[in-house]
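K.L.:
Based on what follows, work out the 3D shape:
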Amino acid sequence: MIIRAGVKGLQPEIAIIFPLIDAIFTNHGHVCVLTSAVRDKGPGSLHPMGFAADFDSMRDVNPVTWKLIEKDAKEAVGNEYDVLAHDSGSGMHLHVEFDPR
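P.N.:
Numbers count the residues shown, from 1 in each chain. Now for the predicted structure:
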């Protein structure tokens, strides 16, 4: 996994899933990049508290592979995490947040 410069402030509940997410990207033939963690975001976002992270790849990922990565990540991290492969305006990425219910 590559961690983009400036990424900081993550809570342990997010940091412990890094090996799982990295392995999933690797299994699908991609290098995982942690692109974002603590940052300002809209209401309800867990990014400002360090309970969310965004992951991308070093190269383009086709839509089918994004869905497979999302599926595998959901299974790997369990139901205390929300996982979504989506484009929120800055390009496709995998969003993972610790959100126990």
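
K.L.:
mind checking the longest helix of the chain?
P.N.:
Longest helix of the chain, by residue count under DSSP state H: helix 63-77.

K.L.:
Which positions within that helix qualify as buried?
P.N.:
Buried residues in helix 63-77, counted by 16 or more other C-beta atoms under 10 Å: 65-66, 68-70, 72-74, 76-77. Yep, even glycine has a C-beta here, placed from its N, CA and C like the rest.

K.L.:
So the nearest residue to residue 3 once chain neighbours are set aside: helix, strand or coil?
P.N.:
Spatially, and ignoring its direct neighbours in sequence, residue 3 is nearest to residue 34 (4.6 Å; C-beta to C-beta, 6 or more residues apart in numbering). For residue 34, the assignment made with DSSP: H, G, I helix; E, B strand; the rest coil gives strand.

K.L.:
Residue 34 pairs with what?
P.N.:
Beta bridges link residue 34 to residue 3, residue 55, judged by DSSP bridges.

K.L.:
List phi and psi for residue 21.
P.N.:
Residue 21 has phi and psi values of phi -60, psi -40 when expressed as degrees, to the nearest 10.

K.L.:
Just list the residues touching it, thanks.
P.N.:
Counting by C-beta atoms under 8 Å, 6 or more residues apart in numbering, residue 21 makes contact with 1, 32, 55, 73, 76-77, 94, 96.
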